[in-house]
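Asks: Take a look and give me a structure for this.
(chains A and B)
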Amino acid sequence: MFLRTAVLAASTALLGAMAQADVKVGMITTLSGGGAGLGIDVRDGFMLAVKQAGRDDLEVVIEDDQRKPDVAVQLADKMIQSEKVDVLTGIIWSNLAMAVVPAATAQGKFYLSPNAGPSPLAGKGCHPNYFNVAWQNDNLHEAAGAYANDAGLKNSFILAPNYPAGKDALTGYKRMFGGELAGELYTKLGQTDYAAEIAQIRASGADSVYFFLPGGMGISFLKQYAASGVDLPLVGPAFSFDQGILQAVGDAALGVKNTSQWNKDIDNAANAAFVETFQAEYGRLPSLYASQGFDTANLLISAMGKADVADADAFRAALKAAEFDSVRGDFAFGDNHHPIQDIYVREVIKEGDVFTNKIIATGLSDHADAYAAECKM
Amino acid sequence: MTTLLFIEQLLNGLQFGVMLFLMSAGLTLVFGVMGLINLAHGSLYMIGAFAAAAVAAATGSFLLALMASLAAAALAGALIELTIIRRLYDRDHLDQVLATFALILIFSEGTRWLFGSFPLFLDVPAALSGPVTLPGGIQYPAYRLTIILVGLAVAVGMFALINRTRVGIRIRAGEADREMIAALGVDIAKLYTFVFALGAALAGFAGALVGAIQSVQVGMGEPVLILAFVVIVIGGIGSIKGAFVGALLVGLTDTLGRFLLPQMFALILEPSAAVSVGSALASMLIYILMAGVLIFRPRGLYGVA
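Replies: Predicted coordinates for the structure are as follows:
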């Protein structure tokens, strides 16, 4: 009995010593199946920053969640219990984040979100160890609603997939949009045929369409919309117009206005260097997901320079300070650990043979999310 | 206006149903004739779409792309039948599911390795882009109308093949009693390879047709595969006629459900609740339909008792 306790104590001490020296990061992200492009961009952006930092005290374990909540939960358990990670990151989809984040932060782990920002985690369910480096889900949609007002749109038809981020999306748009709604639809997550929805848009008498359909869903919708002959202006968040999918959409996306917290033409040194080194490393233009992965890693590295991860309070304060050169320019955390940042309006253009975005206006300046007041911590 | 919208939605349902038929025809034949559950059928759909996208990018011709999708999927089908599927006919369903599930993973990761993780571009040919005006003033995408016509033509072709040709007689005989037709001197191995390749080609063709209006990406086949299984269960396993009727039923139910249910709930609930309840129920509707059919016809609409 005594022997076993002694061994246990010794090994715990050893583990403690190891944690003091190194930060171990567990990245759970989507690397296979339909949503893989997003996860791969986040991973590549993150690993580019890690490589550039050149620290040998930072270890990253990467696993594929296949966009399945149950798989993500299993991976998180494995990473916390057997890999003994200090920090978790990587989740793309809000339904997966809701399944993993509360349990992970409750066990004292830090979670840095490079993408998903479901509203419960920004409001009542906020946690001192949870930091969102991307946005609260509503943010880009709020900017789109504000843009629609500026553009003089009066009667929007809005649609989004039926999952937490889809509901946040339409809530965000409605929060800012001052006009009427010609119709509101929730589609199946992963749906690929939008003929029925487009027919309803045609019949609705709307003057514009707002849609949030990330990844392949957006490609399908845009192509089918272009073929349908419904000629209303489209507005969307950046998720249907990111660098990874624009080439697959082709001309159908040209000229569409979309909102984003990042674009490759934001003028600052960190961003210029990021776009150039990302292209050199991976041979493609970075997307907003890649920029979010890159910022997440740089935030972590900045905190590692100031505090020891074993000292949770100091490390948390170092994260909260967010003293790193964001590719977005100004970046700060609000009290609920979600970003306060500018959100831009972009337009899809063609540069030579490549479809990409350019910023045409600032949609919302120093914008914080609407749930911060509900967060008690 | 509402009548026009309703007719447009009927056309949408028809188009969706015809697509499902192309996908499920092969699945039901393979299941019916060889008794094999082929989960990798969705991968053949994906192969067709990727082959079409690659050929369209290289040559710019949509017609060549469609032919490439038929050829690539048929070839892939024949190849896996000869090397892997053939060994599974005598095994039980669990082994078949396991092996063909492995094939899904192999095909998905192989495609990712060849083409990368980002969706490919495949667009409808210029001649069919944009809408046409149908009698009554309905604007309908020309390409979807073409899909309906092509799909119906394929369905007629399949009926003729099964009911009017020697190969068709053998296929039907194979379904009824495979030992007996082997004893009568029919080369059952060759027949199986043919049926499998035919089903694969149809799935690949469907993938290419749909790929042009959806996204060509890894994993695109699995959601359709699930629907195709629903179709063949409703139609009765092994029956081409059942697959056709089942596909149209599922296509129409799904499309009209998505369109009508939220509106129906709006009569009794406040708008936002109606939308979420209606949408949730609409996504279950085809499974409810399947359950309903199975209660009254446990072997499906045209299944042999």
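Asks: do you know how far the closest residue in space to B:Gln214 that isn't next to it in sequence is from A:Val42?
Replies: The spatially closest residue to B:Gln214, leaving aside those adjacent along the chain, is A:Ser220, at 4.1 Å (CB to CB, 6 or more residues apart in numbering or on different chains). C-beta coordinates here come from the backbone N, C-alpha and C atoms, glycine included. Between A:Ser220 and A:Val42 the computed distance is 22 Å (CB to CB, to the nearest Å).
Asks: And the two? Which one has more around it.
Replies: A:Val42 (31 against 25; other CB atoms under 10 Å in any protein chain shown).
Asks: B:Ile171 and B:Tyr302: what is the separation?
Replies: 15 Å.
Asks: okay, those two: which has more neighbours?
Replies: Higher neighbour count among B:Ile171 and B:Tyr302: B:Ile171, with 23 against 20, using other CB under 10 Å.
Asks: Tally up the residues packed near the closest residue to A:Gly205 other than its chain neighbours, please.
Replies: Using CB to CB, 6+ apart and skipping residues adjacent in sequence, the residue nearest A:Gly205 is A:Ala182, 5.8 Å away. Counted by other CB under 10 Å, the residues lying close to A:Ala182 total 20.
Asks: Distance of A:Ala182 relative to A:Gly35?
Replies: Plainly put, A:Ala182 is 30 Å away from A:Gly35 if you go by CB to CB.
Asks: repeat for B:Thr59
Replies: Note on B:Thr59: its distance to A:Gly35, by CB to CB, is 30 Å.
Asks: again, but for A:Thr362
Replies: Computed as CB to CB, the A:Thr362 to A:Gly35 distance reads 29 Å.
Asks: Kindly report the same for B:Gly185.
Replies: 52 Å.
Asks: Among the two, which residue is more densely surrounded?
Replies: A:Gly35 (25 against 7).
Asks: so who does the more buried one touch?
Replies: A:Arg67, A:Ile92, A:Trp93, A:Pro214, A:Gly215, A:Gly216 (CB atoms under 8 Å, 6 or more residues apart in numbering or on different chains).
Asks: Give me the pLDDT value at it.
Replies: A:Gly35 is assigned a predicted lDDT (pLDDT) of 77.
Asks: ok, now A:Leu8?
Replies: Predicted confidence (pLDDT) for A:Leu8: 47.
Asks: can you tell me if stretch A:195-202 touches chain B.
Replies: Yes: using CB under 8 Å from any CB of the partner chain, stretch A:195-202 reaches chain B at A:Ala195, A:Ala196, A:Glu197, A:Ala199, A:Gln200, A:Arg202.
Asks: Same check on stretch A:56-75?
Replies: No: if you take CB under 8 Å from any CB as the test, stretch A:56-75 misses chain B, and the best it gets is 9.1 Å.
Asks: Give me the contacts around that stretch.
Replies: A:21-35, A:39, A:43, A:46-47, A:50, A:78-79, A:83, A:85, A:90-93, A:95-96, A:98-100, A:103, A:300-301, A:304.
Asks: Name the residues of that stretch that come out as buried.
Replies: Using 16 or more other CB atoms under 10 Å in any protein chain shown as the test for burial, stretch A:56-75 gives A:58, A:60, A:63-69, A:71-73, A:75.
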